[in-house]
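> take this sequence and fold it.
(one chain, ligands or ions: 2)
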Amino acid sequence: MASIGTPTLKNPSSLSLSSKPRLPSVLSAAFPNSLHFPRSHPLGGRRFLIITASAASSFSNKPTVLVAEKLGEAGLELLKEFTNVDCSYNLSPEELCTKISLCDALIVRSGTKVNREVFEASGGRLKVVGRAGVGIDNVDLSAATEHGCLVVNAPTANTVAAAEHGIALLAAMARNVAQADASVKAGKWQRNKYVGVSLVGKTLAVMGFGKVGSEVARRAKGLGMHVIAHDPYAPADRARAIGVELVSFDEALATADFISLHMPLTPATNKMLNDETFAKMKKGVRIVNVARGGVIDEEALVRALDDGIVAQAALDVFSQEPPKPDSKLVQHERVTVTPHLGASTMEAQEGVAIEIAEAVVGALKGELAATAVNAPMVPAEVLTELKPYVELAEKLGRLAVQLVAGGSGVKTVKVSYATSRAPDDFDTRLLRAMITKGIIEPISSVFVNLVNADFTAKQRGLRITEERVHLDGSPESPLESIQVQIANVESKFASAMSESGEIRVEGRVKDGVPHLTKVGSFEVDVSLEGSIILCRQVDQPGLLPRKHAVMAIGVDDQPSMESLKRIGEVPAIEEFVFLKL
Ligand SMILES: NC(=O)c1ccc[n+]([C@@H]2O[C@H](COP(=O)([O-])OP(=O)(O)OC[C@H]3O[C@@H](n4cnc5c(N)ncnc54)[C@H](O)[C@@H]3O)[C@@H](O)[C@H]2O)c1
Ligand SMILES: O=C(O)[C@H](O)COP(=O)(O)O
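Ligands and ions are numbered 1, 2, ... in the order given. Purely as a prediction, here's the structure:
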């Protein structure tokens, strides 16, 4: 794997040297008034913050949001308060790629493919993709993560609508409502042809016992059905609470009179219902799909219908949407279809629009993403507590990498956290991401944030190992100190090398301000504000043995070449280095 190369500052003039400490840009907007979740929202009353690519810490220059599919009015209004909104529906893939380079956020439903080309075409400007709904199978999450783009969805507002549609299809299918309706409208009166089957007493297998699946189960029980469920990841107590038995996949197939699909489309669920699994079903089974078309092998379903294994199917979703008009499946007499209407109620669309607008605006402010799909969520209280340590972490990373001598490749970074907190009570993801940011950003053109930190490190062959040094004492403060060591490199400031041959910097937070407290094996103490000069000096010239010490001097502005030259000429100074924070 390639190492990240020689750490030469790529653009020193762009680095801040102001006398005021600057919060890392990703944090600067993290603490203003946050958005509120409605009380009805499962996260109501809680705030979540996430470090994202903050597009705008103030909205003097409003970010631009491209809304590529129809969104409820309330969501649009909310977006317009904080952003420039471009509603452009029915864009071709090429048009989307052209527009995206001018947008900070993109909001879609299931009809827009947000693939790798879209992220590449954005040229790094796209910070957030908001999926106004649940399924994110139309968004390339790997590409989003690689581009440091946060993906958020609106996972709750359409749950009931989807469940109601599932029940509507179940009942309509069992009673041939759609077929009978078409027949009457065609002037026929075929009462014998459209005799249905009853739901009461029948076994319904809910496949995927998540939000929608459990709401379907609840409603089906109300209809007097015997409900079983298959979901390898669902907690048994949740099923028990609703009076549903969790069973194996094969048992569900073998015993169900009706099967209702509610799992996400993933590589594991792709074509889960196929020739082989249809063969395991009870003859005459009826299938409802309001999940994703891709979970069924549609050609196999046509065969199963023709062979009489499947008596009927009711489908809201298709592997290709819209399906071809001459699709055998769609045209099949015993198949009832709707055009992906599961989430399409007035109420659900308003709810989804608000949910996604809040998530996108919050994420653009660098603030809040309770529904992040490709990044860990950090509860607000945790971030508030970690704020000074987050700043310390980034600065230690920046300092350490600037101490590496030209020609060395940075491959191995060891981070030690000295803490009296138990591992469960101390989440290091944020700190690791900021150390990664501190190390990589000064020497590359990549923007690193919580979304792409681990990916970027891996891609650059940078291995970051972490250890906790457990301290006895009060766990009130989350962290005593952070130590960053870069192994297998040489330093341009020899005194930064530890006894064991690594570049080592250590810091702690004092009165809320990050301080550098150790360089190599030398104790120092300087607040990490502005920039610093490290000097190794002879403590007491003339005395034997001579004592060496490292002095750290905080500077507000970058010293001139002349000043730096003069420092080098001071006889007591054996070596020095200027480091930008
Ligand atoms: N038709 C529509 O308009 C519409 C509306 C909403 C949701 N949906 C779709 O419905 C599905 C469920 O949505 P949700 O909000 O309930 O999601 P969810 O994440 O709450 O539930 C999905 C459940 O599927 C389970 N699962 C994962 N892999 C499985 C497998 N191999 N076998 C069985 N279960 C598995 C998960 O454990 C989870 O419990 C998604 O595909 C979503 O896109 C469609
Ligand atoms: O996954 C979902 O949320 C549903 O399939 C709804 O999709 P839609 O937003 O395109 O209606």
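> got the phi and psi for whatever residue of the stretch 1-150 of the chain ends up closest to ligand 1?
Closest contact between the stretch 1-150 of the chain and ligand 1, by C-beta to the nearest ligand atom, is at G135 (2.7 Å). Every C-beta, even on glycine, is put in place using the N, C-alpha and C of the backbone. The phi/psi pair for G135 (degrees, to the nearest 10) reads phi -60, psi 130.
> in contact with it, which residues?
The contact partners of G135, by C-beta atoms under 8 Å, 6 or more residues apart in numbering, come to S110, P264, L265, R292.
> which two among those residues are spaced furthest apart?
S110 and P264 (12.0 Å; C-beta to C-beta).
> now stretch 112-120: mean pLDDT?
Stretch 112-120 comes out with an average pLDDT of 97.
> for the chain, what lies in contact range of ligand 2?
R109, S110, G111, A132, G133, V134, G135, N158, H340, G342, A343, S344 (C-beta under 6 Å from any ligand atom).
> let's see that with 5 Å instead.
With C-beta under 5 Å from any ligand atom as the criterion, the chain meets ligand 2 at residues R109, S110, G133, V134, G135, A343.
> kindly reformat these as JSON lines containing secondary structure.
What follows is the residues of the chain next to ligand 2, written out as JSON lines (DSSP: H, G, I helix; E, B strand; the rest coil):
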{"residue": "R109", "secondary structure": "coil"}
{"residue": "S110", "secondary structure": "coil"}
{"residue": "G133", "secondary structure": "coil"}
{"residue": "V134", "secondary structure": "coil"}
{"residue": "G135", "secondary structure": "coil"}
{"residue": "A343", "secondary structure": "coil"}
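> mind putting those in JSON lines, distance to A313 included?
Shown next, in JSON lines, are the residues of the chain next to ligand 2 (distance: C-beta to C-beta, whole Å):
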{"residue": "R109", "distance to A313": "24"}
{"residue": "S110", "distance to A313": "20"}
{"residue": "G133", "distance to A313": "23"}
{"residue": "V134", "distance to A313": "22"}
{"residue": "G135", "distance to A313": "20"}
{"residue": "A343", "distance to A313": "20"}
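> out of the residues you listed, who has the most neighbours?
Most neighbours among these, by other C-beta atoms under 10 Å: A343, with 26 neighbours.
> could I get the contacting residues of it?
R109, G133, V134, N158, A161, A162, Q349, V352.
> again, only using 10 Å
Going by C-beta atoms under 10 Å, 6 or more residues apart in numbering, A343 touches 109-110, 132-135, 154, 157-162, 165, 212, 290, 316, 349, 351-352.
> can you map out the helices along the stretch 1-150 of the chain?
25-28, 73-82, 93-100, 116-121, 141-146 (DSSP state H, counting those that start in this stretch).
> distance of E441 relative to K395?
Look at E441 and K395: by C-beta to C-beta, to the nearest Å, they are 12 Å apart.
> name the residue in those two with the higher neighbour count.
K395 (27 against 19).
> what's the helix or strand for that one?
Following DSSP states H and E, one finds K395 within helix 380-402.
> CA atoms only: put the next helix or strand after that helix into PDB for me.
Downstream of helix 380-402, the first helix or strand assigned by DSSP H and E is strand 412-419. The C-alpha coordinates for strand 412-419 follow below in PDB (Å, rounded to 0.1, in the frame of the first residue of the first chain):
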ATOM      1  CA  THR A 412       2.000   4.100  11.200                       C
ATOM      2  CA  VAL A 413       0.500   6.400  13.800                       C
ATOM      3  CA  LYS A 414      -0.100   5.300  17.400                       C
ATOM      4  CA  VAL A 415      -2.500   7.100  19.600                       C
ATOM      5  CA  SER A 416      -2.800   6.700  23.300                       C
ATOM      6  CA  TYR A 417      -5.600   8.100  25.400                       C
ATOM      7  CA  ALA A 418      -5.000   8.300  29.100                       C
ATOM      8  CA  THR A 419      -8.400   8.100  30.700                       C
END
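> packing partners for strand 412-419?
helix 380-402, helix 429-440, strand 463-470, strand 481-487, strand 503-510 (3 or more C-beta pairs under 10 Å, 6 or more residues apart in numbering; DSSP states H and E).
> of all the ones you listed, which lies closest to L126?
Closest to L126 of those, according to C-beta to C-beta: helix 429-440, at 18.9 Å.
> could you list every helix and strand in contact with the very next helix or strand once past that closest one?
Next along the chain after helix 429-440, taking DSSP H and E as the criterion, comes helix 453-459. Applying 3+ C-beta pairs under 10 Å, 6+ apart, we find helix 453-459 packed against helix 141-146, helix 429-440, strand 463-470.
> quick one: mean pLDDT for the shortest one?
Here helix 141-146 scores 92 as its mean pLDDT.
> for the last one, same thing?
For strand 463-470, the mean pLDDT works out to 95.
> go through it and flag the buried ones.
I464, R468 (16 or more other C-beta atoms under 10 Å).
> ok, and what's touching it?
With contacts defined as C-beta under 10 Å, 6+ apart, strand 463-470 is touched by 1, 3, 397, 410-423, 426, 428-429, 431-433, 435-436, 439, 453-454, 457-458, 479-481, 483-485, 487.
> are any of these buried, and which?
Buried subset of the contacts of strand 463-470 (neighbour count, 16+ other C-beta under 10 Å): 3, 397, 410-421, 426, 428, 431-433, 435-436, 439, 453-454, 457, 479, 481, 483-485, 487.
> identify the residues contacting the residue of the stretch 151-300 of the chain at minimum distance from ligand 2.
For the stretch 151-300 of the chain, the residue closest to ligand 2 is N158, as judged by C-beta to the nearest ligand atom, at 5.2 Å. Taking C-beta under 10 Å, 6+ apart, we find N158 in contact with 132-134, 165, 211-212, 342-345, 347-349, 351-352, 355.
> hmm, 8 Å instead?
With contacts defined as C-beta under 8 Å, 6+ apart, N158 is in contact with G133, V134, G342, A343, A348, Q349, G351, V352.
> ok, the residue of the stretch 51-200 of the chain found nearest ligand 2 - contacts?
Residue nearest to ligand 2 within the stretch 51-200 of the chain (C-beta to the nearest ligand atom): G133, separated by 2.6 Å. By C-beta under 8 Å, 6+ apart, G133 lies in contact with R109, S110, N153, A154, N158, A343, V352.
> and the residue of the chain found nearest ligand 1, how far from V134?
Per C-beta to the nearest ligand atom, G210 is where the chain lies closest to ligand 1, at 1.8 Å. Distance, G210 to V134, by C-beta to C-beta: 9 Å.
> check K280 too.
28 Å.
> cool, E117 as well?
Counting by C-beta to C-beta, the gap from E117 to V134 is 24 Å.
> mind checking how far stretch 497-513 is from the chain centre?
In terms of C-alpha atoms, centre = their mean, to the nearest Å, the centre of stretch 497-513 is found 31 Å from the chain centre.
> got the buried residues for that stretch?
Residues M497, S498, E502, I503, R504, V505, E506, G507, R508, V509 are the ones in stretch 497-513 that count as buried (16+ other C-beta under 10 Å).
> just stretch 78-94 next, same as before
The neighbour-count check on stretch 78-94 (16+ other C-beta under 10 Å) flags L78, L79, F82, T83, N84, V85, L91 as buried.
> please apply the same query to stretch 121-136.
121-122, 125-136.
> many thanks, have a good one.
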